[in-house]
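K.L.:
can you look at this prediction? I've put the sequence above it.
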Amino acid sequence: MKTRMPLLMLLIVLALAVTACSAETPEPDEGSTSPAGEAGGLRLANGLYDQEDGTVIALGTLEWIELEGGFYALTGSPEGDGNIAVIANADDFADELDALLGKTVSVTGTRFDGASIRMAGPEVVITSVEEISDTPGAAE
C-alpha cells in the first residue's frame, strides 16, 4: 500500500499538468488592437517611430510648452533627453489637443520638412491624435 500511494499521487499530478497545458488560450477579437497597434495589449515605449509608408507615430505625454510663443509637444522620452516631438499643425487640432493635455497620446502624421523657429525636437504634421489609456512599465 505504501508504494501505491506515491504512484497514485504522481498520476494525479501528471493528469492535472497535462490538462492545464492543453487548455486553449482564447484568441483576441479580430477587430481589436491596442492603441498603438501592438498585439497582446502591449504597446511601444514612448518615442517617435518612422513607418515604412513614410508616416510617423509619436507616443508620449501631451504638454503645452511655454517657450517661443508656446507649442504642444509630446514628452516622456525613455532616455529623458527632451521632447519626443513637437506638433507643427496644432491649430488644426486645437480642441482635441486641449482636451488631451497631460494624457498619454498617440499621434500619427508626417515629419515636418521645413524651417522652424522651434528648437525643441522634431516637428510632426499630425493627421490624427488619440489617447492611450494604459501606462507603460519600465520594461516596455
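P.N.:
Ah, there it is.
K.L.:
from now on I want contacts and neighbour counts done on CA atoms only, so please keep to that.
P.N.:
Fine.
K.L.:
other residues contacting stretch 63-74?
P.N.:
Contacts to stretch 63-74, defined as Cα atoms under 8 Å, 6 or more residues apart in numbering, come from residues 58-62, 75, 83-87, 90, 97, 101-102, 117-118.
K.L.:
just the buried ones among these, please.
P.N.:
58-62, 75, 83-87, 90, 97, 101 (16 or more other Cα atoms under 10 Å).
K.L.:
among these, which ones are in helices?
P.N.:
Using DSSP state H, residue 97 are the members of those that sit in helices.
K.L.:
could you export the buried ones among the contacts of stretch 63-74 to JSON lines, including columns for pLDDT and distance to residue 12?
P.N.:
Output for these, formatted as JSON lines (pLDDT from 0 to 100; distance: Cα to Cα, whole Å):
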{"residue": "58", "pLDDT": "93", "distance to residue 12": "52"}
{"residue": "59", "pLDDT": "94", "distance to residue 12": "49"}
{"residue": "60", "pLDDT": "93", "distance to residue 12": "50"}
{"residue": "61", "pLDDT": "93", "distance to residue 12": "52"}
{"residue": "62", "pLDDT": "94", "distance to residue 12": "55"}
{"residue": "75", "pLDDT": "90", "distance to residue 12": "54"}
{"residue": "83", "pLDDT": "85", "distance to residue 12": "58"}
{"residue": "84", "pLDDT": "86", "distance to residue 12": "55"}
{"residue": "85", "pLDDT": "90", "distance to residue 12": "58"}
{"residue": "86", "pLDDT": "90", "distance to residue 12": "61"}
{"residue": "87", "pLDDT": "92", "distance to residue 12": "61"}
{"residue": "90", "pLDDT": "90", "distance to residue 12": "64"}
{"residue": "97", "pLDDT": "95", "distance to residue 12": "59"}
{"residue": "101", "pLDDT": "95", "distance to residue 12": "56"}
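K.L.:
return the member of the buried ones among the contacts of stretch 63-74 nearest to residue 52.
P.N.:
residue 58 (14.5 Å; Cα to Cα).
K.L.:
what separation do you get for that closest one and residue 80?
P.N.:
Distance of residue 58 to residue 80, given as Cα to Cα, to the nearest Å: 15 Å.
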